[in-house]
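K.L.:
structure of the sequence below:
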Amino acid sequence: MIIPLAAVLWIGLGLGVPGGSPQFAAQAATTERVVVNRFSGVAIEGYDPVAYFVDGRPMMGLPDFEATQAGAVWRFRNEGNRASFVAHPDIYGPQYGGYDPVDLARGVTYAGNPRFWLVSGERLYLFGREQNRDAFAADPARVLREANTRWPKLEQDLAQ
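P.N.:
Have a look, this model is predicted:
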């Protein structure tokens, strides 16, 4: 079967099947200021950032509930979580764009893993290693003081 070039271009542009309904999934350009999958642009491996607060654990988001913020696609378990994030991304999004605050305090950017997390001071932090999470939990004020000092320069060096 030969597919007409116009149909290939139509589908390649993300417009869906000719004659069918267009696809309206959230799309984003990848960025380094937020930890995303470099191929899909999905933040924190598709985990729902609001679930850490609501469910007290990491939960996978669904493609049916997406939002674009800070150059990344975020996934959620339901419309309520999506709406909460859209209204308050600064509260529900991982701090430092999902980078490990312990490594930031050392002056390096290292992507946090959504499975190593902690909510502290009503903010979500992701860590590259379990040991970093434990070090942070032992003295969050010290780690945050050092990470906050270094983050503006480190963030500036990351691609937008």
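K.L.:
which parts of whichever helix in the chain runs longest are buried?
P.N.:
Taking DSSP state H as the criterion, the chain has its longest helix at helix 140-157. Neighbour-count burial for helix 140-157, counted by 16 or more other CB atoms under 10 Å, picks out 140, 143, 144, 146, 147, 150, 151, 154, 155. (Each C-beta comes from the backbone N, C-alpha and C, glycine too.)
K.L.:
the fourth one and residue 105 touch, don't they?
P.N.:
So the one you mean is residue 146. Yes. Contact criterion CB atoms under 8 Å: residue 146 and residue 105 qualify, at 3.6 Å.
K.L.:
ok, and the helix or strand in the protein with the lowest average confidence?
P.N.:
Here the helix or strand of the chain ranked lowest by mean pLDDT, DSSP states H and E is helix 5-12, holding a mean of 39.
K.L.:
which residues touch the spatially most central residue of the chain?
P.N.:
Centroid check for the chain by CA atoms, centre = their mean gives residue 43 as the closest residue, at 2.8 Å. Counting by CB atoms under 8 Å, 6 or more residues apart in numbering, residue 43 touches 34, 35, 36, 49, 72, 73, 74, 75, 98.
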